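1. give me a 3D structure for the following:
(one chain, ligands or ions: 1)
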Amino acid sequence: MSKKYKIAIVGIYHESNTFVENSTTIEDFYNSHFLRGFEIVTEYKEAFHEIGGMLQVLLTREVEILPLIFAEATPGGIITRDTYEELLSEVLLRVRQSMPLDGCLVVPHGAAVAEGHPDMDGDWLLKVREVLGDSVPIVGTLDPHANVSDNMIEATNALVAYKTNPHLDQRETGIVAAQLLLQYLDGLIIPRQYLVQTNVAISIEQQNTSAQPCRPLYQLAEELAQETGLLSVSIILGFPYADVPEMGTSFIVVTNNDPLKAKSAAERMEGYLTAHQEEFLGTKLSISAIIDKIGRAEKPVLLLDMGDNVGGGAAGDSTFLLSELESNQVANSFVSIVDQTAVREACKHEKGDSFQLSFGRNPDGNNLPYETKVELLDCFDGRFSEKNPRHGGQTQYNMGRTVLVRTEKGTTVMISSLRVPPFSLNQLTAFGIKPEQFNIITAKGVNAPIAAYGPVCATILQVNTPGTTSADMMTFNYRHRRRPLFPFEKEIRPLLHK
Ligand SMILES: [Zn+2]
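-> Reported below is the predicted structural model:
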């Protein structure tokens, strides 16, 4: 009879945008998902989330599962020092209390930045490694919007990234990670991983894995993965909105104890990317080019507000698209805005009342709020759930108190108190909003919302809007990124690999 393994699950999960003014605090984790013990199993057992996949595998075996802690906050600004220290000390305390362990599954995002810790994920993973010692295997998952560091690789035995963006294979990725860990414990494999940080940063706009130019890159990874001895080939597209040395695209290859093979496969991936780097620049269509297209386009049209991408850490309060749509007399549009103060103001009125309201801010207009006469259509608690596979893999969402108003010019605006990225259509339908009735629906994201909105929108257009997640990396002032890095430096020589 096989031994009953004792395996812990631990995760701190955040995508930190270092260009955003507001910091991420412990309250932001509590407002999203801060779960301990059995709460983790309840939340994710059935979810299309990596922890769901991990649990699925572990539950098929005689494993003692210790779901210790999973703390996740909506992407946002840098995590404050106090918040990180609080999260880290709880993680380490719980890991210590659960010892001795046979293995540990870790769930970092891979793009967390804390004050004083630009490589926060590398830091907490190394500290977990210190506690566990070298002999306990640590295997984990990564979001492909990670900026992978040597420390993350050093701290773990194997890391595997989701293969899709929108992320629809998170559960499958958790399954792969848990299987690798169990195979290692069973003595069937000895995972060895190799990281190549390339000298290319793929534009966020070009990160849809089912479209060009990503598709052939993923096909190459798939072909390589068929080779004997290769356990996993991960493409880490990168998260452009973090001014850290690791920012950019990387590859992680996990082999069965064959470091040379891992290196050569990772370098083949790098060779492909470098040869095709120009394709990964993005088109960056302006709003005026988009307005020209809207008239002829099949409705509803989904306009993706790339500059105010909530899933990339932006505030979600930009009224830029609203302002452009209304000034260009584009009728029957839907826009969502985060503005707690405006919600409070609107809630002083009754449904059906008309009143003057100012909300959000326009990054193209001195950050001033949008002012208009509105009619209050509805007011709700902002909680909704999602049972289908959607980007992020979450099932429970909370926008806080939320109002629905119609502007004088006829745009429907949903104003919420909390930031929730547009990953689920239930964000509208749960409150009686019918997306198919609009000509234009705007969503504050780049690729992630397509999984939710694609099925109801006949046309999808990404708009190069201003904001803290502008699609144009050249507009950001990076001080810490590695050099040379395409597209900043055009003449790229291969980096020297260790
Ligand atoms: Zn992601």
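2. in the stretch 1-150 of the chain, which residue sits closest to the ion?
-> At 3.5 Å from the ion, His145 is the closest residue in the stretch 1-150 of the chain, using CB to the ion. C-beta here means a position set from N, CA and C on the backbone, and glycine is covered the same way.
3. flag every residue of the stretch 101-250 of the chain that's near the ion.
-> Asp143, His145 (CB under 5 Å from the ion).
4. hey, where'd the helices end up in the stretch 101-250 of the chain?
-> Taking DSSP state H, counting those that start in this stretch to define them, one finds helices in the stretch 101-250 of the chain at 120-132, 150-155, 170-185, 214-225.
5. the residue of the stretch 1-150 of the chain closest to the ion touches Phe239, doesn't it?
-> Yes: using CB atoms under 8 Å, His145 makes contact with Phe239 at a distance of 4.2 Å.
6. now do the shared contacts for those two.
-> With contacts defined as CB atoms under 8 Å, 6 or more residues apart in numbering, the residues shared by His145 and Phe239 are Glu15, Gly110, Ala111.
7. just to revisit the earlier point, adding mean pLDDT and mean neighbour count, write the helices of the stretch 101-250 of the chain out as TSV.
-> Formatted as TSV, the helices of the stretch 101-250 of the chain follow (pLDDT from 0 to 100; neighbours: other CB atoms under 10 Å):
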stretch	mean pLDDT	mean neighbour count
helix 120-132	98	21
helix 150-155	98	19
helix 170-185	98	23
helix 214-225	95	16
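8. Leu425: which of those helices is closest?
-> Among the helices of the stretch 101-250 of the chain, the nearest to Leu425 by CB to CB is helix 170-185 (18.2 Å).
9. so for stretch 282-295, what gets flagged as buried?
-> Across stretch 282-295, burial judged by 16 or more other CB atoms under 10 Å covers Gly282, Lys284, Leu285, Ile287, Ile290, Ile291, Ile294.
10. which of the residues you listed fall in helices?
-> Ile287, Ile290, Ile291, Ile294 (DSSP state H).
11. higher neighbour count, His145 and Phe239?
-> With neighbours defined as other CB atoms under 10 Å, His145 and Phe239 compare such that Phe239 has more, 30 against 26.
12. domains for the protein, by residue range?
-> Each domain of the chain is listed here as a residue range: 5-280, 287-471, per automatic domain parsing.
13. pairing partners for the lengthiest strand in the chain, with directions?
-> Longest strand in the chain, counting residues (DSSP state E): strand 368-380. Strand pairing for strand 368-380, determined by DSSP bridges: strand 354-362 (antiparallel), strand 402-407 (antiparallel).
14. read off the pLDDT value for the one residue sitting closest to the centre of the chain.
-> Computing the C-alpha centroid of the chain and ranking residues by CA atoms, centre = their mean puts Gly311 first, at 5.7 Å. Looking at Gly311, its pLDDT is 94.
15. what's the closest non-adjacent residue to it?
-> The shortest distance from Gly311 to any non-neighbouring residue, by CB to CB, 6 or more residues apart in numbering, is to Pro421 (3.7 Å).
16. next secondary structure element downstream of whichever strand or helix holds Ile441?
-> Secondary structure from DSSP states H and E places Ile441 in strand 440-443. As assigned by DSSP H and E, the chain's next helix or strand after strand 440-443 is helix 450-453.
17. against the ion, how distant is Gln394?
-> For Gln394, the distance to the ion equals 12 Å [CB to the ion, to the nearest Å].
18. in this structure that residue contacts Ala47, no?
-> Yes: at 7.1 Å, Gln394 counts as touching Ala47 under the criterion of CB under 8 Å.
19. can you give me the neighbour number for Asp28?
-> If you count neighbours by other CB under 10 Å, Asp28 ends up with 24.
20. got the phi and psi for it?
-> phi -60, psi -30 (degrees, to the nearest 10).
21. for it, which non-adjacent residue is spatially closest?
-> Nearest residue to Asp28 in three dimensions, chain neighbours excluded: Ala73, at 4.1 Å (CB to CB, 6+ apart).
22. give me the neighbour count for Glu408.
-> For Glu408, using other CB under 10 Å, the count is 12.
23. please renumber the chain so that the first residue is 34 from this point on.
-> Taking 34 as the first residue, the last one we looked at is Glu441.
24. can you report phi and psi for it?
-> Here is the backbone geometry of Glu441 (degrees, to the nearest 10): phi -50, psi -30.
25. separation between the residue nearest to it when sequence neighbours are not counted and the ion?
-> Leaving aside its chain neighbours, Glu441 sits nearest to Lys406 (4.5 Å; criterion: CB to CB, 6+ apart). Distance, Lys406 to the ion, using CB to the ion: 39 Å.
26. for Lys406, what are its contacts?
-> Contacts of Lys406 by CB under 8 Å, 6+ apart are Ser387, Phe388, Gln389, Leu390, Thr440, Glu441.
27. any of the residues you listed buried? List them.
-> Buried, going by 16+ other CB under 10 Å: Leu390, Thr440, out of the contacts of Lys406.
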